[in-house]
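**Q** sequence and predicted structure, then a few things I'm wondering about:
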Amino acid sequence: MITVSDVKKDEEVKAIMYMAENQIEALGFTEHSVRHSGIVSKWAGDILRDVGADEHRVELAKIAGYLHDIGNSINRYNHAQSGAILAYKILTRMGMPYMDAAEVMMAIGNHDEREGLPVSDITSALILADKADVHKSRVRANTTRVSMENLNIHDRVNLAAEKSLVYVNKEAGEVVLDIVIDTEKCPVMDYFEIYFGRMQLCRRAADFLGKKFVLVINGVRLL
Ligand SMILES: [Fe+2]
Ligand SMILES: [Fe+2]
């Protein structure tokens, strides 16, 4: 079976991910690079394993997580769909069975909150993992020279995020998104302003996996 480490080593994947990161940097968005892909890959796999999926599907979720933003190499607009088709082409070229590559394609094509829906377990795990990665390390503006008020809201929220992690609480039957926000840097309302749509999608994704979605901010259960 093709594994996520085979995918990481592939020269075509490396070139496309390099270009995706270049384009996102040129647009001034938060970091979407190998760090983000690696974290989303790990979390998507962990979530799927913890809801009882077999190792084959866990590996497909890890691959979907690693490749989910490669469409940014073409254009940020519709990057989920373009990335899905790119991933299908790469994975079948690497020898992945068509059905497995199609599973990854569908998950990637549905990871964005603007048009995505949790249409499979792999898709659901990918959505939860992707939306959970909010962290100050994703901000690229020079924050020593730019004041907090002059940063855009995405940078402000990410910069204020001290910790963010997503996990399955098996006993409680919950998927928990646990975030610590420095409220000196940004009010919790800013987080909701940009993440409301994403949180709705996370709730649907947890539903698909038969779990309740719980959002914890600074130790307080909000959803
Ligand atoms: Fe994305
Ligand atoms: Fe992403």
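**A** Received the coordinates, thanks. Ligands and ions are numbered 1, 2, ... in the order given.
**Q** looking at this, Phe213 is in a helix?
**A** No. Phe213 is assigned strand when assessed by DSSP: H, G, I helix; E, B strand; the rest coil, not a helix.
**Q** for Ala53, see how far away the residue sitting nearest the centre point of the chain is.
**A** Centroid-nearest residue in the chain, with CA atoms, centre = their mean: Asp130, separated by 1.4 Å. Using CB to CB, to the nearest Å, one obtains 18 Å as the distance from Asp130 to Ala53. C-betas here are computed from N, CA, C, even on glycine.
**Q** do the longest helix that the chain contains and ligand 2 come into contact?
**A** As assigned by DSSP state H, the longest helix anywhere in the chain is helix 188-208. No. Against ligand 2, helix 188-208 shows no contacts by CB under 5 Å from the ion, the least distance being 10.6 Å.
**Q** distance from the chain centre to that helix, please.
**A** Here helix 188-208 is found 13 Å from its chain centre; the criterion is CA atoms, centre = their mean, to the nearest Å.
**Q** and that helix, which residues are buried?
**A** 188, 190-191, 195, 198-199, 201-203, 205-206, 208 (16 or more other CB atoms under 10 Å).
**Q** could those residues go into CSV alongside pLDDT?
**A** Below are those laid out as CSV (pLDDT from 0 to 100):
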residue, pLDDT
Val188, 81
Asp190, 83
Tyr191, 80
Tyr195, 83
Arg198, 90
Met199, 91
Leu201, 95
Cys202, 96
Arg203, 96
Ala205, 98
Ala206, 98
Phe208, 98
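**Q** just the closest of the residues you listed to Asn152, please.
**A** Asp190 (10.6 Å; CB to CB).
**Q** low-confidence stretches in the protein?
**A** Residue ranges of the chain with pLDDT under 70: 140-150.
**Q** wait, Val7 sits on Met96?
**A** No. Shown here, Val7 and Met96 do not form a contact pair, counting by CB atoms under 8 Å, at 9.2 Å.
**Q** show me where this structure has helices.
**A** In the chain, the segments counted as helices under DSSP H are 4-9, 11-27, 34-50, 55-67, 79-93, 98-109, 121-132, 153-160, 188-208.
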